[in-house]
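Undergrad: Predicted model, plus sequence, below.
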Amino acid sequence: MTAPNSKTELLIVDDDPLIADALGYFLGRDYAVSTASTRTEAVALLRDKKSTPALALIDLGLPPTPHRPDEGFALIADILAHAPETRIVVLSGQSDELNARHARALGATEFVAKPADPDYLRSLIRRVLSFRDTAAPVDDGLIGQSAPLQKLRAQLRQFANSPFPVLIEGESGSGKELAAAALHRLSDRSAKPYLALNCAAISPSLVEATLFGHSKGAFTGASGARSGYFEDASDGTLFLDEIGELPLDLQPKLLRVLENGEFQRIGETLARRSSARIVAATNRDLKKEVREGRFRADLYHRLSVFTVAIPPLRDLGEDRVRLLEHFRGVYAAQAKLPPFTLSADATERLLDYRFPGNVRELRNIAIRLTTKCAGKAVGIADLEAELDIGNEPAAFGVPPAPNLASMAELVTIALRDIQSRDDFNLDVTLHLWEEAYIEAAQQLAHNNMSQAARLLGVNRTTLYNRIETLARERVASVKANAGFNGVKQSGRN
């Protein structure tokens, strides 16, 4: 469904066509609405559209697992990878508080349970869109004084004027794009172009033309010649976000530009040159990607002449409070509301929370508290209602040494088991132990899956995947045994 270009763009993702159509009709008066019914379809829309939606209204229960929130959670990450500036509102029937908290931690600004009052939904969308991201009024864009942030500042200043590439690594939501912008702003190139391209945000078939440009008639739809990002960046800075998403067959062409500055538009034989300084970013482990053949080793080494690691928010100590105060001031001013304050116990809880969604999660917490608690003191109960307590990352540290007595006992059990059975199978045995531990954790957690996941030291999505895999393997085993028994029976006849 298309509306005039002057309207703000909205993406609705729901597998119920009645709901999608009703929302599209209702909201289409004010917004240019696009709809999708699956995660795959939504990602394709994001890649194919020339502009990104200002807001995405999504369901959690999407095919192929409409009765579980996994696809919706994954879609939140997909949307933010393709369009980090897009606000996300979850509208879902899977509205238990744990799902709401986890969706917000992943990057959703708000969570609304179905059925939602249409007028409330329209008001909520207007309010969410009224909050704008405002750059920090400091030269490097970074707020805080913690040791990890001071180290990051020093690295950015050290690398800013070098012509060599910089690879920025960090978790999703940690602020890699701020570091890239800081490298440009602190450099001698600051008055020259700064272009940013999200490699995940465009279709793989269009990446080459986007980066290098094309001649007229180079491919279907190329009605005229067009320059690419390398040409437009000139001798400024080109930021390639989500570099791990770059198609493998295109990586040699990027390597060539990095090595000698040469590239060609699609459909041309003329070699052009670029003097742009390349900054790349990823939340993937590119060394692992290289080992598994998904990323070229030579390109990785060329991109990582300098490497900057963005610290996760959980490692920034008191800076978490400083960042909250910054966002509180920005969004209270935008909404023309008095700012909230944090009580002493809420501040202590904030400093104890591990922020799985990093700075993006903290920003959204500030937005929600600005709306809900304007001019009020936020207590620990108010704050904890916004936290994804069941899915916090585990604290890092050295694992405890194994209990040698327990290990000896386990070896004794294993010896007895192997010796007493002619049909011993390691995979079957390990699956049985895994099922037993999962069942035990579920019993201890009274079937609270987030709590069970914490007891097992995994996140909730991993636990769901393990349960699903074990169930599939059990069914396959039953079918295989039934087939084997059938063959034996027919052999007797």
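TA: Arrived safely. Not measured: the values here are computed from a predicted model. Numbers count the residues shown, from 1 in each chain.
Undergrad: How confident was the prediction at the most centrally placed residue in the chain?
TA: Most central in the chain under C-alpha atoms, centre = their mean is residue 77, positioned 3.6 Å from the mean C-alpha point. On pLDDT, residue 77 comes in at 88.
Undergrad: just to confirm, which helix or strand has it in it?
TA: Using DSSP states H and E, residue 77 sits in helix 70-82.
Undergrad: how far does that helix sit from the chain's center?
TA: 7 Å (C-alpha atoms, centre = their mean, to the nearest Å).
Undergrad: next structured bit after it?
TA: Note on helix 70-82: by DSSP H and E, the next helix or strand toward the C-terminus is strand 87-92.
Undergrad: Now do that following strand and helix 70-82, the angle between them.
TA: Relative orientation of strand 87-92 versus helix 70-82 (axes from the mean of the first three to the mean of the last three C-alpha atoms, to 10 degrees): 170 degrees.
Undergrad: rewinding a little: list the buried residues in the helix holding residue 77.
TA: By 16 or more other C-beta atoms under 10 Å, the buried positions in helix 70-82 come out as 70-76, 78-82. Where C-beta positions appear, they are placed from N, C-alpha and C, glycine not excepted.
Undergrad: gap between the two ends of stretch 217-228?
TA: 16 Å (C-alpha to C-alpha, to the nearest Å).
Undergrad: contact partners of that stretch?
TA: 209-216, 263, 265-268 (C-beta atoms under 8 Å, 6 or more residues apart in numbering).
Undergrad: of these, buried ones?
TA: Buried by 16+ other C-beta under 10 Å: 209-215, 263, 265-266, out of the contacts of stretch 217-228.
Undergrad: Residue 327: which of those is nearest?
TA: Set against residue 327, the nearest of the buried ones among the contacts of stretch 217-228 by C-beta to C-beta is residue 210 (32.6 Å).
Undergrad: my guess is the closest one contacts residue 232, does it?
TA: No: assessed by C-beta atoms under 8 Å, residue 210 is found out of contact with residue 232, at 10.4 Å.
Undergrad: if we can go back for a sec, for the buried residues of helix 70-82, please prepare CSV with the additional fields distance to residue 164.
TA: Listed next are the buried residues of helix 70-82 as CSV, based on distance: C-beta to C-beta, whole Å:
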residue, distance to residue 164
70, 41
71, 41
72, 41
73, 38
74, 35
75, 37
76, 35
78, 32
79, 33
80, 29
81, 26
82, 28
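Undergrad: Identify, from these, the entry nearest to residue 153.
TA: Using C-beta to C-beta, residue 80 comes nearest to residue 153 of the buried residues of helix 70-82, at 25.4 Å.
Undergrad: The closest one reaches residue 87, doesn't it?
TA: No: the criterion here is C-beta under 8 Å, and residue 80 misses it with residue 87 at 10.1 Å.
Undergrad: picking up where we left off before, return the subset of the contacts of stretch 217-228 lying in helices.
TA: 209-212 (DSSP state H).
Undergrad: Rebuild those residues as a markdown table, extending it with pLDDT and distance to residue 359.
TA: Shown next, in a markdown table, are the ones in helices among the contacts of stretch 217-228 (pLDDT from 0 to 100; distance: C-beta to C-beta, whole Å):
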| residue | pLDDT | distance to residue 359 |
| --- | --- | --- |
| 209 | 93 | 33 |
| 210 | 93 | 28 |
| 211 | 95 | 28 |
| 212 | 95 | 33 |
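Undergrad: The stretch 151-300 of the chain: helices as residue ranges?
TA: 176-185, 207-212, 229-233, 251-260, 286-291, 297-303 (DSSP state H, counting those that start in this stretch).
Undergrad: Now the last one: buried residues?
TA: Of the residues in helix 297-303, 299-300, 302-303 count as buried by neighbour count, 16+ other C-beta under 10 Å.
Undergrad: Select, from the residues you listed, the two members most distant in space.
TA: 300 and 302 (7.3 Å).
Undergrad: so how far is stretch 123-143 off the chain centroid?
TA: With C-alpha atoms, centre = their mean as the basis, the mean position of stretch 123-143 lies at 19 Å from the chain mean.
Undergrad: Kindly report the domain assignment for the chain.
TA: Using automatic domain parsing, the domain parsing of the chain gives 8-130, 147-309, 315-389, 404-492.
Undergrad: So which of these is nearest residue 141?
TA: domain 147-309 (4.6 Å).
Undergrad: Just the terminal-to-terminal distance for the closest one.
TA: From start residue to end residue, domain 147-309 stretches across 13 Å - C-alpha to C-alpha.
Undergrad: Distance from the chain centre to it, please.
TA: For domain 147-309, the distance to the chain centre is 19 Å (C-alpha atoms, centre = their mean).
Undergrad: and the residue nearest to residue 319 when sequence neighbours are not counted, what helix or strand is that in?
TA: Nearest non-adjacent residue to residue 319, counting by C-beta to C-beta, 6 or more residues apart in numbering: residue 144, 3.2 Å away. Here residue 144 sits in a region with no helix or strand, counting by DSSP H and E.
Undergrad: need the contact list for residue 144.
TA: By C-beta under 8 Å, 6+ apart, the neighbours of residue 144 are 316, 318-319, 322-323.
Undergrad: picking that back up, name the nearest of the buried ones among the contacts of stretch 217-228 relative to residue 104.
TA: Among the buried ones among the contacts of stretch 217-228, and counting by C-beta to C-beta, the member closest to residue 104 is residue 210, at 32.6 Å.
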